[in-house]
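Trainee: sequence-free structure coming up:
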Ligand SMILES: Nc1ncnc2c1ncn2[C@@H]1O[C@H](COP(=O)(O)OP(=O)(O)O)[C@@H](O)[C@H]1O
Ligand SMILES: [Mg+2]
């Protein structure tokens, strides 16, 4: 994975698989402090403490006991190899919170990549899940809350409808350009 956006997609897919009806994704940059924070919060089924303890450490887990994915370990690695850190917390029946921090200027920090494309894909392909995307850079902030968009559109028009999709694509793109200006 050479784009953080793809890491985000993988982490969000975990949330969807966990049955989340609301997924909040934030990308927050602070160039003065040279810090980037990415977080994904969901209200899915969560994980047991035992599961939580093992998800980030696939290599120390006995491979025969369960299938081990790489989404969380890779996300963790992306942060820790870029002067940052990683957190995960989860509660069964409540949800899961995953966050990674990066030093923006670190040579091994992966570029953000097509975060807008990932956001658009998540929103248009998952009609039964709501998303809140937050993009922040210093004073600039943009929020896209699909619950608000649905409210405006009414029940009959899905977010994946061609006109809505085109609108969202442009809206997301313009906002991200405005906020990050391609600096991530
Ligand atoms: N948001 C989440 N909610 C509930 N369980 C999760 C969540 N994220 C990860 N998990 C659990 O941790 C496992 C490992 O996730 P991951 O590292 O992304 O690998 P994979 O998705 O390929 O299994 C998942 O299979 C799932 O059981
Ligand atoms: Mg995964």
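Mentor: Alright, I've got the coordinates. Please read all numbers here as calculations on a predicted model, not as lab measurements. Ligands and ions are numbered 1, 2, ... in the order given.
Trainee: hey, let's count contacts and neighbours off CA atoms from now on
Mentor: OK.
Trainee: Any buried residues in the longest helix seen in the chain, and which?
Mentor: Ranked by residue count under DSSP state H, the longest helix found in the chain is helix 162-180. The neighbour-count check on helix 162-180 (16 or more other Cα atoms under 10 Å) flags 165, 168, 169, 172, 173, 175, 176, 179, 180 as buried.
Trainee: is ligand 2 contacted by the helix or strand of the chain with the lowest mean pLDDT?
Mentor: Least confident element among the helices and strands of the chain, by mean pLDDT, DSSP states H and E: helix 49-55 (a mean of 89). No - interface with ligand 2: helix 49-55 contributes nothing (Cα under 5 Å from the ion), its closest point being 9.9 Å away.
Trainee: Would you mark the buried spots in that helix?
Mentor: Quick answer for helix 49-55 (16+ other Cα under 10 Å): 52, 55.
Trainee: Show me what that helix is packed up against.
Mentor: Under the contact criterion of 3 or more Cα pairs under 8 Å, 6 or more residues apart in numbering; DSSP states H and E, helix 49-55 touches strand 86-91.
Trainee: wait, what's in contact with the residue of the chain found nearest ligand 2?
Mentor: Nearest residue of the chain to ligand 2, counting by Cα to the ion: residue 71, 4.3 Å away. When contacts are counted by Cα atoms under 8 Å, 6 or more residues apart in numbering, residue 71 touches 7, 10, 11.
Trainee: Look at it and report its pLDDT.
Mentor: The model reports residue 71 with a pLDDT of 87.
Trainee: Ramachandran coordinates for it?
Mentor: Per-residue torsions, residue 71: phi -60, psi -50 (degrees, to the nearest 10).
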